[in-house]
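*Asks:* The following block contains a protein sequence and its predicted model.
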2 protein chains.
Amino acid sequence: MTSDVSTDKVKNIKTLTAIQSEVESSNGIALSVDCVIFGFDENKLKVLLIRSDLKKYLGKWSLLGDLVRPSEDLDAAAYRILKQRTGLSDVYLEQVETFGAVSRHPAGRVVTVTYCSLINVQHHKLKILDNELHWHDIQNVTDLAFDHQQIYDTCYQRLQKRIQEHPLGFNLLPKKFSLRDLQNLYEAILDTKMDRRNFRKKFFAMDFLIDLDEMEQDVPHRPGKLYKFNFEKYEKKKKKWVGIDF
Amino acid sequence: MTSDVSTDKVKNIKTLTAIQSEVESSNGIALSVDCVIFGFDENKLKVLLIRSDLKKYLGKWSLLGDLVRPSEDLDAAAYRILKQRTGLSDVYLEQVETFGAVSRHPAGRVVTVTYCSLINVQHHKLKILDNELHWHDIQNVTDLAFDHQQIYDTCYQRLQKRIQEHPLGFNLLPKKFSLRDLQNLYEAILDTKMDRRNFRKKFFAMDFLIDLDEMEQDVPHRPGKLYKFNFEKYEKKKKKWVGIDF
DNA sequence: CTCAATTGTGTAAAAAATACACATTAACAA
DNA sequence: TTGTTAATGTGTATTTTTTACACAATTGAG
């Protein structure tokens, strides 16, 4: 883990204004990566946004992104952005869609490849030192800068779909969690209520949970058991995986 | 319908060599679109490929693609390629994934946005006049130029998945078809055998088939009924659509 | 007229999803 | 210490969905 992300930011992260000048000086199509970074905290699904520094979008929030460097793989660019902004590496990242309407960016022709990322807010919490960067409840994500609202909507829908096919949710939880935590997460992402007994049945049947023989602490009621996710077992089964159903 | 696609081609379609010089003269990242165009003929799933004209890939087959023009939307570029190559417009087209490894193209940095397209071979049949362009059985698609094998594999997997969630198969069939045709199509795409009775049951339950009160002609056995697909009804239901299961 | 090939149809069995209730545990307040 | 609160942990019956499976009817060909 790096010691100070804010320093990195000042040094390495281009502002949108800087991007603008780069795009203008180019005579072709510029390529960027934008990340929709999801987190889960206080039983709410959150997304990490930054304030736009373009005049046109003054005060609006936007996704985290940057231009792709000439000798950088696309995925590497997405990882770089995540690392710079959250200090986290080794996180879940999935390419979602590429947006390339001619006039989507006021600075010129910028095509953007978008990625969806799931991170564990506990691990990341202390590293946001820039007050222009905030976790937003997904309820309140409206009217983003550029075409970022559309991008965000697409990524959120993708997340909803993917989490019903693969147990990705674990990427959003701390290492140890209770089944209630897990269900809260699924209910937050899918925006539904589920039957507690059937939910447990389904997850136990999947057989990806390792019982830690520990209990929740400091809860004002009967504590639940804690589990961790069996990533190895999932990776093995993933090839043949057809899907979960909720 | 345009009268002569081959003329269009000579005038408008860049060769890969031409792309190469464009890429080399640029100092940034070039952006292209590649299309995986699927067809269905003689009960086999086919994909449209063209011979590479790059020395490095001499004799190998590659996907149909072109550079994106500076003032052209991404989707428009994909439609343009389809129109130029098949003469067809108004076809099913879906963006699949963007490939951007630094050295994926020998001519320089070219990031490519890939699209999957489904077309009706009957409508298109007469328009291939270029003998460097061919329909290939999907069984025989191996060792494509560039990273096109990977791209093709990704698109084929996507097709297999999508066709189990949405009734896209109709885009590959003629307007009138029998249930046997439909089942042959699904069996070809998914590479499985299905129970005839259960297959029929499932499709009738979906309620997207319009009985034309016509019969197959010139078959050496009892002829089957012909149907057409109810696109309007599907479009209405699509919003709430969760998925078919096969 | 018979043969070959394929269509069209229904039902029973198995599997999966859903609905639903009560005893148990720990923290806290009285 | 005891009762209250708020949640955990568990099993079964019902419904729905999926699967497996067989036989009569139709057409063209010989």
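*Replies:* Looks like it arrived, so ask away.

*Asks:* gap between stretch A:157-176 and the chain center?
*Replies:* Distance, stretch centre to chain centre, for stretch A:157-176: 10 Å (Cα atoms, centre = their mean, to the nearest Å).

*Asks:* One more: stretch A:52-63?
*Replies:* With Cα atoms, centre = their mean, you get 20 Å for stretch A:52-63.

*Asks:* what's the span of stretch A:223-239 from first residue to last?
*Replies:* Terminal residues of stretch A:223-239 lie 36 Å apart, using Cα to Cα, to the nearest Å.

*Asks:* same check, this time on stretch A:191-198
*Replies:* 17 Å.

*Asks:* close to chain B, is stretch A:87-97?
*Replies:* Yes. In terms of Cβ under 8 Å from any Cβ of the partner chain, part of stretch A:87-97 sits within range of chain B, namely A:95, A:97. Any C-beta I mention is one placed from the backbone N, CA and C, and that applies to glycine too.

*Asks:* In PDB, could you pull the C-alpha coordinates for that stretch?
*Replies:* The C-alpha trace of stretch A:87-97 is given here as PDB (Å, rounded to 0.1, in the frame of the first residue of the first chain):
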ATOM      1  CA  GLY A  87      -4.700   3.600  -3.600                       C
ATOM      2  CA  LEU A  88      -6.100   0.200  -4.300                       C
ATOM      3  CA  SER A  89      -4.700  -2.300  -6.700                       C
ATOM      4  CA  ASP A  90      -5.900  -5.900  -7.300                       C
ATOM      5  CA  VAL A  91      -9.500  -4.900  -7.500                       C
ATOM      6  CA  TYR A  92     -12.400  -6.100  -9.600                       C
ATOM      7  CA  LEU A  93     -12.500  -4.300 -12.900                       C
ATOM      8  CA  GLU A  94     -14.500  -5.100 -16.000                       C
ATOM      9  CA  GLN A  95     -14.800  -3.300 -19.300                       C
ATOM     10  CA  VAL A  96     -18.400  -2.300 -20.000                       C
ATOM     11  CA  GLU A  97     -18.900  -0.300 -23.100                       C
END
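
*Asks:* Give me the buried positions along that stretch.
*Replies:* A:87-88, A:91, A:93-97 (16 or more other Cβ atoms under 10 Å in any protein chain shown).

*Asks:* Report the rounded mean pLDDT for it.
*Replies:* The average pLDDT for stretch A:87-97 rounds to 95.

*Asks:* go on, stretch A:118-126?
*Replies:* 83.

*Asks:* Over to residue A:221. Which of the three states is it?
*Replies:* Put simply, residue A:221 is coil when judged by DSSP: H, G, I helix; E, B strand; the rest coil.

*Asks:* dump the residue contacts of the residue nearest to residue A:155 when sequence neighbours are not counted.
*Replies:* The shortest distance from residue A:155 to any non-neighbouring residue, by Cβ to Cβ, 6 or more residues apart in numbering or on different chains, is to residue A:36 (3.9 Å). Residues in contact with residue A:36 (Cβ atoms under 8 Å, 6 or more residues apart in numbering or on different chains) are A:47, A:63, A:96, A:114-117, A:151-152, A:155-156.

*Asks:* Show me what residue A:36 is bridged to.
*Replies:* Assessed by DSSP bridges, residue A:36 has beta-bridge partners residue A:116.

*Asks:* worst-scoring helix or strand of chain A, pLDDT-wise?
*Replies:* Least confident element among the helices and strands of chain A, by mean pLDDT, DSSP states H and E: helix A:5-12 (a mean of 38).

*Asks:* what residues does chain A put near chain B?
*Replies:* So far as Cβ under 8 Å from any Cβ goes, chain A lies against chain B at A:26-31, A:68, A:70-75, A:95, A:97-102, A:109, A:111, A:113.

*Asks:* Can you tell me which of those are buried?
*Replies:* Applying 16+ other Cβ under 10 Å to the residues of chain A next to chain B flags A:26, A:28-31, A:68, A:72-75, A:95, A:97-100, A:102, A:109, A:111, A:113 as buried.

*Asks:* Tell me who's in contact with the residue nearest to the spatial centre of chain A.
*Replies:* The centre of chain A sits closest to residue A:37, judged by Cα atoms, centre = their mean, with a distance of 2.4 Å. Neighbouring residues of residue A:37 by Cβ under 8 Å, 6+ apart: A:47-48, A:64, A:82, A:85-86, A:117, A:119.

*Asks:* So which of the residues you listed is the closest to residue A:220?
*Replies:* residue A:119 (28.9 Å; Cβ to Cβ).

*Asks:* Could you measure from the closest one over to residue B:148?
*Replies:* 33 Å (Cβ to Cβ, to the nearest Å).

*Asks:* more neighbours, those two?
*Replies:* residue B:148 (26 against 23; other Cβ atoms under 10 Å in any protein chain shown).

*Asks:* Let's see the pLDDT reported for the more buried one.
*Replies:* So, for residue B:148, pLDDT stands at 98.

*Asks:* buried stuff in the helix or strand where residue A:49 lies?
*Replies:* For residue A:49, the element it lies in under DSSP states H and E is strand A:44-51. Buried residues in strand A:44-51, counting neighbours by 16+ other Cβ under 10 Å, are found at A:45-51.

*Asks:* Tabulate those residues (CSV), appending distance to DNA strand D.
*Replies:* Listed next are those as CSV, based on distance: Cβ to the nearest atom of the strand, whole Å:
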residue, distance to DNA strand D
A:45, 18
A:46, 21
A:47, 26
A:48, 28
A:49, 30
A:50, 35
A:51, 36
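
*Asks:* picking that back up, quickly run through the sheet partners of the strand holding residue A:49, with directions.
*Replies:* strand A:30-41 (antiparallel), strand A:61-62 (antiparallel), strand A:133-137 (antiparallel).

*Asks:* helix or strand right after the second one?
*Replies:* Note on strand A:61-62: by DSSP H and E, the next helix or strand toward the C-terminus is strand A:64-67.

*Asks:* Let me see the mean pLDDT of that next one.
*Replies:* On average, the pLDDT along strand A:64-67 is 97.

*Asks:* so what secondary structure elements neighbour that strand?
*Replies:* On a contact count with 3 or more Cβ pairs under 8 Å, 6 or more residues apart in numbering or on different chains; DSSP states H and E, strand A:64-67 meets helix A:16-25, strand A:30-41, strand A:44-51, helix A:74-86.

*Asks:* Please tell me I have it right and residue A:64 contacts residue A:80.
*Replies:* No. Counting by Cβ atoms under 8 Å, residue A:64 does not reach residue A:80; the two are 10.8 Å apart.
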